[in-house]
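**Student:** Just a sequence and a predicted model for now, questions to come.
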Amino acid sequence: MKRTHLSLYYLATYLTGGGIGLIVVPQFFVRLLFSNGDYNDVTLRFLGILLVSLAIIVVQIIRLKVDVLYPTTLIVRIFICAGLIWLYLSSSDPLFLTLLAIVGVGVVLTGTSYYLDRKTAAA
């Protein structure tokens, strides 16, 4: 599961960076993500706290090489992608398309890595 393990660094990086960005400079950060919506700082900072918390869990999955949770990271992110599509359709805020692209790249990266690792292990 070497490739899948490495692909999770992308996930940990965007969760940590996004979380810190939302905590420290929430309005600036959502504008960087092309938002045209109006979100209050308290809510954005709370979301940042949640992202950093998830990053800590992902870092532990990476550090401890808990490969049984690798598929779970994919399932959760597929659910998140579906939610981001729904939020974009509801709001037309490009923020959700930007987030969909960021999360989607990770899904493709981890999904491809997981498939290749499983294929290699089966051979």
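**Tutor:** Yep, that arrived.

**Student:** okay, CA-based contacts and neighbour counts for the rest of this
**Tutor:** OK.

**Student:** Quick one, grab the pLDDT at I61.
**Tutor:** Predicted confidence (pLDDT) for I61: 97.

**Student:** ok, now which ones touch it?
**Tutor:** I61 makes contacts with 67, 69, as judged by Cα atoms under 8 Å, 6 or more residues apart in numbering.

**Student:** how far out from the middle of the chain is stretch 109-123?
**Tutor:** Computed by Cα atoms, centre = their mean, to the nearest Å, the separation of stretch 109-123 from the middle of its chain amounts to 20 Å.

**Student:** buried residues in that stretch?
**Tutor:** The neighbour-count check on stretch 109-123 (16 or more other Cα atoms under 10 Å) flags 109-111, 113-114, 116-117 as buried.

**Student:** Closest one to R3 out of those residues, please.
**Tutor:** S113 (5.1 Å; Cα to Cα).

**Student:** can you pull the contacts of that closest one?
**Tutor:** Taking Cα under 8 Å, 6+ apart, one finds 1, 3-4, 7 in contact with S113.

**Student:** quick revisit: of the buried residues of stretch 109-123, just say which sits nearest to L33.
**Tutor:** When the buried residues of stretch 109-123 are compared against L33 (criterion: Cα to Cα), the nearest one is L109, at 21.0 Å.

**Student:** Please tell me how far the nearest residue to the closest one once chain neighbours are set aside sits from Y14.
**Tutor:** Computed as Cα to Cα, 6 or more residues apart in numbering, the closest residue to L109 that is not its neighbour in sequence is S7, at 6.2 Å. The gap separating S7 from Y14 is 12 Å, by Cα to Cα, to the nearest Å.

**Student:** Between those two, point out the one with more neighbours.
**Tutor:** S7 (21 against 17; other Cα atoms under 10 Å).
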